[in-house]
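**Student:** okay, structure incoming, though there's no sequence with it:
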């Protein structure tokens, strides 16, 4: 058996695509009897340095996070610019987008994944770290997001 490819088997986050983050956030808050989190925009292009399918993209999204014990639920409402979020929402409608893992060594992990036929789909920076979505759907039946935090 090969060593764990990612160096982690803890799913830290599940991402859902939504058309209306306000409405869906409120529905989740009511369902769980908790306060509705404030959504916020992802960083602008100059900060995020977003790349989608190898090209720079202006893509941004509204994000809202629910901390559900050991797992975080991320709601994502994308803008119209090219992104995995927009493509998936247009193609598949609302719902499941990714599972995320916190990793160390982003460049190396992407290289290992690509060598296994799981290419980089989208990557970008956020305050305190970076993310990458890998096209793992054919093999794993879901997209995988890698999160690397600087602290």
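**Tutor:** Done, it's in. Nothing here was measured: the structure is a model prediction, and the numbers come from that model.

**Student:** bridged to the closest residue in space to residue 143 that isn't next to it in sequence, which residues?
**Tutor:** What sits nearest to residue 143 in space, not counting adjacent residues and going by Cβ to Cβ, 6 or more residues apart in numbering, is residue 98, at 4.2 Å. Where you see a C-beta, it was placed from the backbone N, CA and C, and this is true even at glycine. Partner residues in beta bridges with residue 98, using DSSP bridges, are residue 15, residue 143.

**Student:** and the contacts of stretch 68-85?
**Tutor:** Residues outside stretch 68-85 that contact it (Cβ atoms under 8 Å, 6 or more residues apart in numbering): 10-21, 24-25, 28, 32, 39, 50, 52-53, 55, 57-66, 86, 89, 97, 100, 121-122, 133, 143.

**Student:** so which of these are in helices?
**Tutor:** Mapping the contacts of stretch 68-85 onto helices (DSSP state H) picks out 21, 24-25, 28, 32, 86, 89.

**Student:** separate out the buried members of these.
**Tutor:** Neighbour counting by 16 or more other Cβ atoms under 10 Å classes 21, 24-25, 28, 86, 89 among the ones in helices among the contacts of stretch 68-85 as buried.

**Student:** save the residues you listed as JSON lines, and put in distance to residue 151 and pLDDT too.
**Tutor:** Rendered in JSON lines, the data for these read as follows (distance: Cβ to Cβ, whole Å; pLDDT from 0 to 100):
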{"residue": "21", "distance to residue 151": "27", "pLDDT": "98"}
{"residue": "24", "distance to residue 151": "30", "pLDDT": "98"}
{"residue": "25", "distance to residue 151": "27", "pLDDT": "98"}
{"residue": "28", "distance to residue 151": "28", "pLDDT": "97"}
{"residue": "86", "distance to residue 151": "30", "pLDDT": "98"}
{"residue": "89", "distance to residue 151": "31", "pLDDT": "97"}
